[in-house]
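[1] sequence and predicted structure, then a few things I'm wondering about:
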Amino acid sequence: MAGIGVGLVGYKFMGRAHSNAYRQLPRFFDVDPAPRMAAICGRDEAGVREAANTLGWESYETDYRRLIERDDVGLVDVVTPGNTHREIVLAALGAGKHVICEKPLANSLAEAGEMLDAAREAGTINTVCFNYRRAPAVQLAKKLIDEGRLGTIRHWRAAYLQDFIMDPGFPLIWRLKKELAGSGALGDIGAHSVDLAHFLVGGISEVVGMTETFVKERPLEGSDGETGEVTVDDAAAFLARFDNGAMGTFEATRFAAGRRNKNAFEINGSRGSVAFDLERMNELEVFFVDDDADVQGFRTVNVTEPGHPFAGAWWPPGHIIGYEHTFVHTMKDLMDGIAAGKSPAPTFEDAYRCQAVLDAVERSVEGGGWTKPELGRI
Ligand code: SOE
C-alpha cells in the first residue's frame with residue numbers, strides 16, 4: 001500500500017488511541033492517501049518495542065530526530081507531554097513533514113506562536129487533535145447553528161468534569177507539574193471546551209477567571225513517603241464574552257466526584273437550544289421554540305443515522321459508537337486534508353486562538369479582572 005508513512009511520537013494513552021485510529025481508518029473509510037503505520041517512537045526501548053508489536057507498527061525508534069529523518073515518514077504525530085511538543089513539532093516542520101499534534105498545542109502562548117510561525121513557513125499540512133469536534137452529535141450541533149435553527153446564540157455553558165486525582169495519595173504525575181504540563185485542568189480539559197466554543201459559537205473577546213489547587217502536595221512516583229508540590233490548577237472556572245455578543249461560562253475540574261470524563265456543553269439561542277454530554281456521546285438534546293405547544297420540550301436525537309457526518313461508515317442506526325471513533329474521524333479529515341493540500345480544522349492557527357484564551361485566563365487569575373486574548377499572530 002502506498003499511502004503516507006506515519007511516525008508517531010509517544011506510545012501511552014494517546015499513542016494507543018492514535019494507533020487504533022490509523023489501523024481502523026482504511027478499514028472503514030475510503031481514504032487516499034491511507035496511513036501506513038511506519039514507526040512509533042519512545043525513549044524507553046522495551047516499552048516502545050512492546051507498543052510497536054501490540055499496536056501494529058512496522059518498526060520503532062527511540063529518538064524522535066531519527067524518526068523525523070526517515071524518508072518513509074511523511075506525517076509526524078506528536079502525542080508526548082506538552083513540554084516536548086515545541087521541539088518535536090519544530091523539527092518535524094523543519095523537515096518538511098505534515099504534523100498533527102495533541103492538544104493543547106503548547107505549554108505557553110509564546111511556544112504556540114513559534115509553532116504557528118513554523119507551520120506557516122513549512123507550508124505542509126498541520127492540525128491539532130481536538131478530537132471531540134468530530135463526534136457526530138457535535139457535528140449535528142454545528143449544523144443546527146450554521147443553518148440558523150437555534151437563532152441568535154445567547155449562551156455557551158461548558159463543564160468538563162473529571163475526578164481521577166481526587167485521592168490525595170494519587171502521585172505527582174507529569175500532568176501535575178507546570179514545567180511539564182503547562183497548566184492543570186485549564187489547559188488539559190478546559191482547552192477542549194475552548195476549542196468547542198470556538199468551533200460552535202465563535203471567537204472570544206475577553207475572559208475573567210479563577211483557579212484552585214485543592215491538594216497542594218502529593219507523593220512522588222515510586223517514592224516511599226516523599227512528597228512534591230503540585231504546581232498546576234486542579235480546577236478552573238471562567239466567564240467569557242464572545243465577539244458575537246454571546247455570554248460564556250466554562251468550568252474544568254479534576255475534582256468532580258463521580259464524573260469520570262463528562263465533557264458537556266449547552267448552547268441557548270433565540271430559537272432553541274442544544275446540549276451535549278460526552279458520557280452520552282451518541283445523543284444530542286435539542287429544543288426548538290417553534291415546536292408545537294403540545295410537544296414542547298427537550299428531545300433526544302440519537303445521532304447514528306447514516307446521514308450524519310462519519311456515522312454512516314460504522315454500523316446501522318442505533319448501534320452506537322465510542323470515544324475511539326472521534327480519533328478515527330480526526331484522521332479521516334487529516335488524510336483528506338493531505339490529499340487536498342488544505343489543513344483541516346482545527347489548524348495550528350485555531351489552536352493558537354485556543355492557547356490565547358488559556359493564556360488570558362491565567363493572566364486574569366494573576367492580575368484579576370477582564371483580560372483579552374492576545375491574537376497578534378492571527
Ligand atoms: C486527561 O484529562 C485526558 O486524557 C485528556 O488529556 C484528554 O484530552 C481527554 O480527552 C480525556 O482526559
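    Cool, got the structure.
[2] make it CA atoms for all contacts and neighbour counts henceforth
    Noted.
[3] where's Val128 relative to Ala351, distance?
    Between Val128 and Ala351 the computed distance is 7 Å (CA to CA, to the nearest Å).
[4] any shared contact partners between those two?
    104-105 (CA atoms under 8 Å, 6 or more residues apart in numbering).
[5] return the residues in contact with the one residue sitting closest to the centre of the chain.
    Nearest residue to the geometric centre of the chain (CA atoms, centre = their mean): Phe130, 2.5 Å. Taking CA under 8 Å, 6+ apart, we find Phe130 in contact with 102-103, 192, 195, 346.
[6] between these, which sits nearest Arg23?
    Glu102 (18.0 Å; CA to CA).
[7] that closest one contacts Val128, correct?
    Yes - Glu102 lies in contact with Val128 (CA atoms under 8 Å); the separation is 5.7 Å.
[8] of the two, which one has the most company?
    Val128 (26 against 20; other CA atoms under 10 Å).
[9] longest helix anywhere in this structure?
    Longest helix in the chain by number of residues (criterion: DSSP state H): helix 348-367.
[10] hmm, who's touching that one?
    Applying CA under 8 Å, 6+ apart, the contact partners of helix 348-367 are 104-106, 108-109, 112-113, 115-116, 119, 126-128, 186-187, 191, 194-195, 198, 204, 206-211, 238, 370-375, 378.
[11] one more: stretch 165-184?
    Stretch 165-184 has contacts (CA under 8 Å, 6+ apart) with 81-83, 106-108, 215, 218-221, 227-235, 254-255, 257.
[12] repeat that for stretch 146-156.
    For stretch 146-156, contacts defined as CA under 8 Å, 6+ apart pick out 144-145, 197, 201, 245-249, 265-273, 288.
[13] surely Ala252 forms part of a helix?
    No - read with DSSP: H, G, I helix; E, B strand; the rest coil, Ala252 is strand and lies in no helix.
[14] and for it, the neighbour number?
    Applying other CA under 10 Å, we find 30 residues neighbouring Ala252.
[15] do the same with His319
    His319: 12 surrounding residues under other CA under 10 Å.
[16] likewise for Arg66?
    The number of residues packed near Arg66 is 10, by other CA under 10 Å.
[17] where does it sit, in terms of helix or strand?
    Here Arg66, judged by DSSP states H and E, is contained in helix 64-69.
[18] could you do Leu284 as well?
    Going by DSSP H and E, Leu284 is in strand 283-288.
[19] partner strands of that strand, with direction?
    Sheet pairing here is set by DSSP bridges, and for strand 283-288 it gives strand 272-277 (antiparallel), strand 299-302 (antiparallel).
[20] list the buried residues of that strand.
    Neighbour counts over strand 283-288 (16 or more other CA atoms under 10 Å) mark 283-288 as buried.
[21] pLDDT score assigned to the residue lying closest to Glu283 once chain neighbours are set aside?
    The spatially closest residue to Glu283, leaving aside those adjacent along the chain, is Asn302, at 4.7 Å (CA to CA, 6 or more residues apart in numbering). With respect to pLDDT, Asn302 scores 98.
[22] give me the number of residues near Asn302?
    Neighbours around Asn302, by other CA under 10 Å: 18.
[23] list the contacts for it?
    Going by CA under 8 Å, 6+ apart, Asn302 touches 282-284, 318.
[24] export those residues to JSON lines and append columns for distance to Ala339 and pLDDT.
    Listed next are the contacts of Asn302 as JSON lines, based on distance: CA to CA, whole Å; pLDDT from 0 to 100:
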{"residue": "Asn282", "distance to Ala339": "29", "pLDDT": "98"}
{"residue": "Glu283", "distance to Ala339": "31", "pLDDT": "98"}
{"residue": "Leu284", "distance to Ala339": "31", "pLDDT": "98"}
{"residue": "Gly318", "distance to Ala339": "32", "pLDDT": "97"}
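[25] just flag the most distant two among those residues.
    Largest separation among the contacts of Asn302 by CA to CA: Leu284 and Gly318, giving 13.4 Å.
[26] got the residue ranges for the helices in this structure?
    Remark: helices assigned in the chain by DSSP H are 13-28, 45-55, 64-69, 85-94, 109-122, 136-146, 178-181, 185-188, 190-200, 323-340, 348-367.
[27] looking at the ones you listed, which is buried most?
    helix 185-188 (a mean of 27; mean count of other CA atoms under 10 Å).
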